[in-house]
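Peer 1: What follows is a predicted structure for the sequence shown.
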Amino acid sequence: MRRHGQGATRRSLLATGVVLLLAACGGPGAATPAADDAATGIPVSAGPDDCGLGWDGGTAGDLTFAVANTATTGMSVYLQDTQAMPRTSLVLDAIGAGATASASVRLDGGAYRFVCLQADEEPVLGAPVTVTGHAAGATPSIVLLSQADLVPATQAYSAWALGRAQRLAQQVTALDADAARGDLAAARHDWLDAHTTYGTLGAAYGAFGDLGEAIDGLPPRGVSAATSTTGFRQVEALLWPGAGAGSDADVARAASPATQRLASDVGELVTQLQDPRMDPLELGLRAHEILEDVQRITLSGAADGPSGTTLAEVAAAVDGSRAAIDQLRPVLATEAGDAGADGAGSDDGAGSDAPDNSGPDDGGDELAVVDGALDDLAAVVAAFHHDVPAGETGWTPLPALTPPERELLDARLDAALEPLARVAATTEPRRHP
């Protein structure tokens with residue numbers, strides 16, 4: 001599908017890593033990047049010669065730091081404990097030269113230090129300091145991930161996607177055969193099977209480029225997909241043409257040229273996925289973006305077609321998001337921590353309008369939170385599918401939802417997007433000591 005304004009939205013999500021407060025299951029959840037004249041808190045220097053100067057430790061609890069980059073280039077700053085494999089409680093990315101950013105965190109007792117990282121330079125470790133006492137609901141910490149940590153998960157996801165694409169090719173071949181022999185009921189059934197399989201592949205934000213547009217691109221608003229586009233949308237319009245289009249056999253055969261092209265394009269997709277070049281950064285983002293596309297595009301009504309199966313697309317997207325999470329499970333379990341993001345900074349230390357992604361206050365394992373949210377969303381969507389006679393889809397059309405049903409669907413989607421945004425932020429590969 002074509003995504004309007006997709007670049008800005010992706011940058012907004014990536015901004016959650018600019019000031020990353022790891023507060024998904026407790027703590028104040030209050031990272032507040034600010035310009036130099038507005039930054040407040042304990043003054044801390046962040047440069048190659050003075051990393052961490054200004055903070056001598058103190059008592060456990062809520063702390064706010066005003067971190068000033070004293071270097072001549074951009075600086076990323078971490079607040080870590082001093083274990084052999086340090087755990088990170090706070091990340092500030094890309095503080096501009098001479099700029100200051102403030103962020104708050106709730107620290108438990110222990111030994112901590114700031115770490116300052118310039119591009120192409122070795123990390124500089126600040127002096128260890130001691131925090132005494134105990135703070136209930138302290139900000140959870142994680143072990144930062146490198147690109148190497150994410151390679152196995154990325155490779156596993158790529159293999160899964162190839163398998164799904166191969167299954168899709170078989171389904172589209174069956175659809176093409178249905179159309180050629182004039183079997184409308186079978187063609188509609190196989191179209192829906194194939195379309196939902198494609199939906200699990202996570203082609204969000206133009207992941208498959210022009211090929212994805214050819215396979216599932218949306219027509220312009222108010223223009224029939226039968227003549228203005230190709231792929232699944234064109235085939236859908238041809239298989240559900242409305243009254244007066246001729247016999248069922250004629251309708252099915254009229255779709256044959258479009259199904260042939262769709263089969264060819266899907267075959268090209270299989271070839272493309274045999275040589276995957278997915279960046280490890282993409283996997284955590286993919287899990288979030290698949291459902292973000294549902295919120296921004298699918299449930300906006302832009303994807304509604306004559307088959308009335310928009311909610312089948314939503315169900316497929318939930319499965320696709322879960323597939324990305326499944327490959328990340330070993331990595332997230334190794335992190336053994338929860339993460340959240342609240343606010344964002346920029347290269348010059350100025351604030352931005354990035355979304356508040358602070359997590360729930362009651363704690364809990366992040367994977368369990370994600371799984372529960374996806375299960376809840378899947379259950380709501382499944383309730384709109386019913387057993388029906390052959391030849392019908394069984395899905396409630398999106399416009400037929402009652403206001404309470406739509407509100408529940410939107411609420412469950414929002415509840416799933418929040419922890420998925422945290423996963424995207426915490427699985428971003430980072431350079432670290």
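Peer 2: That came through, no problem.

Peer 1: Helices of the stretch 1-150 of the chain, start to end?
Peer 2: According to DSSP state H, counting those that start in this stretch, the stretch 1-150 of the chain carries its helices in the segments 6-14, 147-181.

Peer 1: And the following helix or strand past the last one, what does it pack against?
Peer 2: Translated: helix 147-181. Beyond helix 147-181 in the direction of the C-terminus, DSSP states H and E gives the next helix or strand as helix 184-200. For helix 184-200, the packing partners by 3 or more CB pairs under 8 Å, 6 or more residues apart in numbering; DSSP states H and E come out as helix 147-181, helix 209-216, helix 231-239, helix 248-254, helix 310-335. Bear in mind the C-beta positions are built from the backbone N, C-alpha and C, glycine included.

Peer 1: rewinding a little: and the helices of the stretch 1-150 of the chain, which one is worst for confidence?
Peer 2: Mean pLDDT is lowest for helix 6-14 out of the helices of the stretch 1-150 of the chain, coming in at a mean of 39.

Peer 1: domain ranges for this protein?
Peer 2: In the domain annotation for the chain, the residue ranges read 27-139, 147-332+365-426 (automatic domain parsing).

Peer 1: Compare the helices and strands packed on helix 184-200 and report which one is nearest to V388.
Peer 2: Checking those against V388 by CB to CB gives helix 310-335 as the closest, at 12.8 Å.

Peer 1: quick revisit: single out the most deeply packed of the helices of the stretch 1-150 of the chain.
Peer 2: Between the helices of the stretch 1-150 of the chain, the one whose residues have the most neighbours on average, counting mean count of other CB atoms under 10 Å, is helix 147-181 (a mean of 18).

Peer 1: Which helix or strand contains the residue positioned nearest the centre of the chain?
Peer 2: Closest to where the C-alpha atoms of the chain average out (CA atoms, centre = their mean) is H288, at 1.6 Å. Following DSSP H and E, one finds H288 within helix 280-296.

Peer 1: Packing partners of that helix?
Peer 2: Counting by 3+ CB pairs under 8 Å, 6+ apart, the elements that helix 280-296 packs against turn out to be helix 6-14, helix 147-181, helix 310-335, helix 403-426.

Peer 1: Can you list the buried residues in the third one?
Peer 2: By neighbour count with 16 or more other CB atoms under 10 Å, helix 310-335 contains the buried residues 310-325, 327-328, 331-332, 335.

Peer 1: where in this structure is pLDDT low?
Peer 2: Within the chain, the ranges that satisfy pLDDT under 70 run 1-39, 204-205, 335-364, 389-391.

Peer 1: How about the contacts made by the spatially closest residue to D56 that is not a sequence neighbour?
Peer 2: The shortest distance from D56 to any non-neighbouring residue, by CB to CB, 6 or more residues apart in numbering, is to V129 (5.7 Å). Remark: with contacts taken as CB atoms under 8 Å, 6 or more residues apart in numbering, V129 is in contact with 52, 55-57, 111-113.

Peer 1: As CSV, the helices of the stretch 1-150 of the chain with distance to T40 would be great.
Peer 2: What follows is those, written out as CSV (distance: least, CB to CB, whole Å):
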stretch, distance to T40
helix 6-14, 25
helix 147-181, 35
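
Peer 1: quick one, which of the ones you listed is nearest to Q295?
Peer 2: Across the helices of the stretch 1-150 of the chain, the minimum distance to Q295, taken as CB to CB, is reached by helix 6-14, at 10.2 Å.

Peer 1: would you list the helices and strands packed on helix 184-200 in JSON lines and tack on distance to D265?
Peer 2: Below are the helices and strands packed on helix 184-200 laid out as JSON lines (distance: least, CB to CB, whole Å):
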{"stretch": "helix 147-181", "distance to D265": "9"}
{"stretch": "helix 209-216", "distance to D265": "5"}
{"stretch": "helix 231-239", "distance to D265": "7"}
{"stretch": "helix 248-254", "distance to D265": "19"}
{"stretch": "helix 310-335", "distance to D265": "18"}
